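>>> with the sequence up front, the predicted model follows.
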2 protein chains.
Amino acid sequence: MQFELSLEFIEHLQDAILKKDVAYLQAQLKELYPVDIALVLNRLDVEEANYLYDIIDEEIASDVLLEMEEDKREALLATFSTKEIAEQLDNMESDDAADMINELPEEIQDEVLSQIEDIEQASDIADLLNFEEGTAGSLMAKELVSVYAHETVGACIDEIRKQAESVDVMYAVYVVDENEKLIGMLSLKKLIISHPLAKIEEIYDADIISVKTSSSSEEVAELIQKYDLVVIPVIDQLGRLVGRITIDDVVDVMREEAEKDIQRMSGITDDVDSNDNIWRLSKARIPWLLVGMCGGIIGSRIISSYEGQIHLRPEMAFFIPLIGATGGNVGVQSSSIIVQGLANNTMISEKIAPKLLKELSVGLINGIICSGLILGYNMLISESWALAATVSVALFTVIICASFLGTFVPLTMHRFKINPALATGPFVTTLNDIIGISIYFLVGRLLYDIF
Amino acid sequence: MQFELSLEFIEHLQDAILKKDVAYLQAQLKELYPVDIALVLNRLDVEEANYLYDIIDEEIASDVLLEMEEDKREALLATFSTKEIAEQLDNMESDDAADMINELPEEIQDEVLSQIEDIEQASDIADLLNFEEGTAGSLMAKELVSVYAHETVGACIDEIRKQAESVDVMYAVYVVDENEKLIGMLSLKKLIISHPLAKIEEIYDADIISVKTSSSSEEVAELIQKYDLVVIPVIDQLGRLVGRITIDDVVDVMREEAEKDIQRMSGITDDVDSNDNIWRLSKARIPWLLVGMCGGIIGSRIISSYEGQIHLRPEMAFFIPLIGATGGNVGVQSSSIIVQGLANNTMISEKIAPKLLKELSVGLINGIICSGLILGYNMLISESWALAATVSVALFTVIICASFLGTFVPLTMHRFKINPALATGPFVTTLNDIIGISIYFLVGRLLYDIF
């Protein structure tokens, strides 16, 4: 039942396309869900995809289009006339149609919109195009069933029957007052088990969570998760019901957010994936590499100021990587715990001091363990007591400093409304590298004078 | 409408608990959703929580319990009698009740189970306890409405009316044959708009995606996301319908997976959060710190084998951090792109060669840019042409090597069924550090001989 895309399968299809074997292709596609056909189209070149798209069952063609990768879809749509694009949009839910219009070249957007046959659909899409990306308005769909509180269950079921065509999936019916203001909801289950003559106002649930069109998509995702919802109604500034957002759209937002966080941690600036072209991949990575290099250059200036010391005691150079790496690791560990706590809202207090104290305690324990172990190692292997003492004291200090910075930097960024995930990646590592080296050589100069 | 937990609010509640001001507490709690009350309980000590819990409306008390943090809930439940726990479990959905029993001390689990009044609920919970954690069986709930294909819509609605109490949220009705085998589903919408005398077999949707009880929770999450489902039925090995999993449980699985990945990348082994105690936090971090230190020690051995060279040319030491940091950054960037591609299934081919080629091309571009810039810098600032050449040649080689390893390591781990996310963190950084230093000093030895 589950479809596994294989290279052989794609090759068979390509063969069939070349031979124009429509019967074979139809038989193959019939077994597949839209999302699986989209996976196939993503792997074909644009002429092949165009040929195959014409063969797809009309009922699911627009779903297939929606599931394709953005650049592949763009290429495929470029082979369509504006009339053909409009036909596809007519079969979509309004939110998906609006997203797709936004992807089209600006010069044809109006033309496509004007060619949509269903006037109501066209006007819904035009409405949605006004909302800024990243807001609830841009995520919502206009298709929903609403009823007035004074109506009966029977009338409500008639209304659902009428609208059944345009609303694909339905979880609830919304209840509005005479001014179209949202006042509650009614689950389909409640509707089914209630008497047809029962009044809506007697059975509806007035305890309803909604978002404004201007709410951010993160806020929507948070509410849906927190209150275990599958759909959330959207209201305008006057409290009037204007749309609804379903959980599948929110799951996409969540996944994108998680991916962006991982990219930020890895020092990648743009939203890229492994299928992007080489130039885009290079461009997304170079900024943080350059930041890291600047850190390296600053490090080199610091070390060069100790040139005489290195000349006298070359063994000081041996442990530069150990100090740098451990500082970097500790910093990333601390900041990632803090960033996660901020993202999950599990940290009740935004007070920085207790967090710092806790991280410093963890740093203290791990610092003692690490510097103790390295002291043992150096006493076994090296003849220089000064070196052994220097490395351990410096390592301990670096771990404490890195714990401090790894906590302080993201908390401070959060307070100044900068995304703290930025702080968990190359930024903290670079900072800790520089500080680590400074501490190491400073400690070295002091301790060599003593021993 | 949205609740923001503030310290003042908690303090007011604590005050009222101390004064036993039940009226005030009830008024405050009345406004809150179960999840918000749980947030409050999480912040109280166990006596306060116990006092407040008794005041909560009975209807939502078990929901509040479910939303609490695990350790806080454990502490609260420890103050309950087994009879009291059983009462709470009786009000939960079977999957939640089973999860909660699993959290209880083993010696009281059987006693609690035997004290659940509703025999059907007790037997459902006992069934669910048999499934291994991380499987669909352990995620599913037993509450669902199923109908036989030969029944009518009217009979089906009667059945829903009967079961309405036990099934909290309902999205669909499942259709089974005379052997209880799952053969299809019927959306509530379809049920509402169909004639009461219509036969189920005429209107149901046979095209249904299901999972086996033994499927992994990741598989469940993948299917639900891919096919935009809100609920998925679970079947046993004979194809019989045994339960269903709703999207809210899957969203939790997804979020946990994303968090675990970020922790793996940050070099944290256990599942910890910023509220855990200092010892747990230290223990979760020390393993990768030690791995990083071993890398640092190997680095120190490599550098020490060039001690003579450093003595002659201390300036060689200046750029150790630059080489190490850049290699680490490039490696993490490469591996994170690959790991993400593997996680999203966006990489069609598992062939390693083309991926390597692409990453090496990206490495080539960024390597030329970085080593070109550092060459310019060194020619401006340093008198040593040999050093300038060494740093640039080594940096370029390190970037290429790190691109190679950052691609090769996670792909290979994936092939051997090891979680590739492990490779994006300290492991790749440490490996690249060691290789970077080896290359740097090797190049230095060669080039100083030439210049």
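Thanks, I have the structure now. These figures come from a predicted structure and were not determined experimentally.
>>> only C-alpha atoms for contact and neighbour calcs from this point on.
Noted.
>>> A:Gly184 in helix, strand or coil?
A:Gly184 carries the three-state label strand when classified by DSSP: H, G, I helix; E, B strand; the rest coil.
>>> now do the same contact list for it.
A:Gly184 makes contact with A:174-176, A:204-208 under the criterion Cα atoms under 8 Å, 6 or more residues apart in numbering or on different chains.
>>> okay, those in TSV with neighbour count and secondary structure next?
Putting these into TSV (neighbours: other Cα atoms under 10 Å in any protein chain shown; DSSP: H, G, I helix; E, B strand; the rest coil) gives the following:
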residue	neighbour count	secondary structure
A:Tyr174	23	strand
A:Val175	25	strand
A:Val176	20	strand
A:Tyr204	19	coil
A:Asp205	16	strand
A:Ala206	13	coil
A:Asp207	11	coil
A:Ile208	14	coil
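>>> out of the residues you listed, which one has the weakest pLDDT?
Across these, the bottom pLDDT score, 88, is held by A:Asp207.
>>> quick one: the residue nearest to it when sequence neighbours are not counted from A:Ser217, how far?
Once flanking residues are discounted, A:Asp207 sits nearest to A:Gly184: 6.4 Å by Cα to Cα, 6 or more residues apart in numbering or on different chains. Relative to A:Ser217, A:Gly184 is positioned 22 Å away (Cα to Cα, to the nearest Å).
>>> what residue ranges in the stretch 151-300 of chain A score low on pLDDT?
A:270 (pLDDT under 70).
>>> could you find the closest non-adjacent residue to the closest residue to chain B within it?
Per Cα to the nearest Cα, A:Gly296 is where the stretch 151-300 of chain A lies closest to chain B, at 3.8 Å. Distances taken as Cα to Cα, 6+ apart put B:Leu322 closest to A:Gly296, at 3.8 Å, once the chain neighbours are dropped.
>>> what is the burial count for the one you found?
Residues lying near B:Leu322 (other Cα atoms under 10 Å in any protein chain shown) number 25.
>>> contacts only, for it.
Counting by Cα under 8 Å, 6+ apart, B:Leu322 has contacts A:292-293, A:295-297, A:299-300.
>>> dump these to JSON lines, plus neighbour count and secondary structure.
Shown next, in JSON lines, are the contacts of B:Leu322 (neighbours: other Cα under 10 Å; three-state DSSP):
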{"residue": "A:Gly292", "neighbour count": "27", "secondary structure": "helix"}
{"residue": "A:Met293", "neighbour count": "23", "secondary structure": "helix"}
{"residue": "A:Gly295", "neighbour count": "25", "secondary structure": "helix"}
{"residue": "A:Gly296", "neighbour count": "25", "secondary structure": "helix"}
{"residue": "A:Ile297", "neighbour count": "20", "secondary structure": "helix"}
{"residue": "A:Gly299", "neighbour count": "24", "secondary structure": "helix"}
{"residue": "A:Ser300", "neighbour count": "22", "secondary structure": "helix"}
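>>> near chain B, which residues of the stretch 351-451 of chain A?
Residues of the stretch 351-451 of chain A lying close to chain B by Cα under 8 Å from any Cα of the partner chain are A:358, A:361-363, A:365-366, A:370, A:426, A:430, A:433.
>>> top of the residues you listed by neighbour count?
A:Asp433 (31 neighbours).
>>> ranges for the strands of the stretch 51-200 of chain A?
For the stretch 51-200 of chain A, applying DSSP state E, counting those that start in this stretch gives strands covering A:146-148, A:172-176, A:182-187.
>>> out of these, the one nearest B:Leu229 is which?
Nearest to B:Leu229, of all the strands of the stretch 51-200 of chain A, is strand A:172-176, at 15.9 Å by Cα to Cα.
>>> just how off-centre is the closest one within its chain?
Counting by Cα atoms, centre = their mean, to the nearest Å, strand A:172-176 is centred 30 Å from the centre of its parent chain.
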